[in-house]
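Asker: For reference, the sequence and a predicted model appear below.
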Amino acid sequence: PNANSGAPTIFDKIISKEIPSSIVYEDESVLAFRDISPQAPVHVLVIPKLRDGLTQLGKAEKRHEEILGQLLHAAKIVAEKEGISDGFRVVINSGASACQSVYHLHLHVLGGRQMKWPPG
Ligand code: 5GP
């Protein structure tokens, strides 16, 4: 993946519903769907519907403040819907050394088991 390109990602096809996903929550700004390769009993990805240059958190600009807040709030809604609001983890991998693989900003919401820290 090229972190600098504006190339479309698989998430565009998930947003357009060309590729099916298991949607947990959706509003006008964000989409939350189950990760295809879950790392915990609950593993949901929360993404902005409009990428607008947000290939990764490390590219965030002032204009993204509103959507960044909406994404975090959506993570809390997902945790509630999934019954893990008493204990869950939110992860953002930004860039290759953090193992980011899809260059459309996404939050991982993980829970349903005891999480370990540090994550490694
Ligand atoms: P990253 O490694 O970039 O932080 O996370 C990308 C995540 O997207 C991975 O956890 C991966 O399993 C998930 N993923 C990749 N392709 C698909 C897909 O087509 N559908 C779904 N639901 N998840 C995907």
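Answerer: In hand now; what should we look at?
Asker: Around the ligand, pick out the residues from the chain.
Answerer: 10, 19, 21, 33-37, 45, 93, 99-102 (Cβ under 6 Å from any ligand atom). From N, CA and C alone the C-beta is placed, and that goes for glycine too.
Asker: what's the farthest-apart pair in those?
Answerer: 19 and 99 (22.0 Å; Cβ to Cβ).
Asker: between those two, which one's more packed in?
Answerer: It is residue 19, of residue 19 and residue 99, that has more neighbours when counted by other Cβ atoms under 10 Å, with 12 against 8.
Asker: What strand or helix carries the closest residue to the more buried one other than its chain neighbours?
Answerer: Of all residues not flanking residue 19 in the chain, residue 13 sits nearest, at 4.2 Å (Cβ to Cβ, 6 or more residues apart in numbering). According to DSSP states H and E, residue 13 maps onto helix 10-15.
Asker: Sheet partners, orientation included, of the next helix-or-strand element following that helix?
Answerer: Once the chain leaves helix 10-15, the next helix or strand it forms, by DSSP H and E, is strand 23-26. The strands beside strand 23-26 in its sheet (DSSP bridges) come out as strand 30-34 (antiparallel).
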